[in-house]
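Fold the following, please.
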Amino acid sequence: MKVLCGTDIIEIERIKEAIENLEDKFLNRVFTKGEIEYCESKKIQKYQHYAGRFAAKEAIFKAISELLNNKYEINWKDIEVLNNKNSKPQANLNIKLQNIQNIDISISHCKQYATATAIILVK
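Presented below is the predicted three-dimensional model:
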């Protein structure tokens, strides 16, 4: 068993500017329909939630990078970060990678930053 780890931090303002300047082009390139629906439901705090999901995807990319032949094998929407029935964020991979047993993520945000950590168990 091998443990892979990735972490990321992002300024919420950078995500807000990307969404406001690029609108649907950015949203539809990076986030799934389910992620957009979830973040938009957060009204005034939606940018914190978008940034948290962005950081989670980056953390997962970093953790799984050694399993990829090249970084172009995966795109933003191949990772979907949604909350489970207990409101805990969980990641679903829409691509097959060898021997991944479990992905655990944690997301946190404050007024200026969002951060995420991904722990992945591989056989």
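
And the helices in this structure, which stretches?
Counting by DSSP state H, the chain has helices at residues 12-22, 24-30, 33-40, 46-64.

Let me see the contact set for the nearest residue to residue 118 once chain neighbours are set aside.
Using CB to CB, 6 or more residues apart in numbering and skipping residues adjacent in sequence, the residue nearest residue 118 is residue 59, 4.0 Å away. Every C-beta, even on glycine, is put in place using the N, C-alpha and C of the backbone. Neighbouring residues of residue 59 by CB atoms under 8 Å, 6 or more residues apart in numbering: 6, 7, 8, 105, 116, 117, 118.

ok, these vs residue 50, which is closest?
Among those, residue 116 lies closest to residue 50 (CB to CB), at 12.2 Å.

Tell me which residue is most central in the chain.
residue 57 (2.6 Å; CA atoms, centre = their mean).
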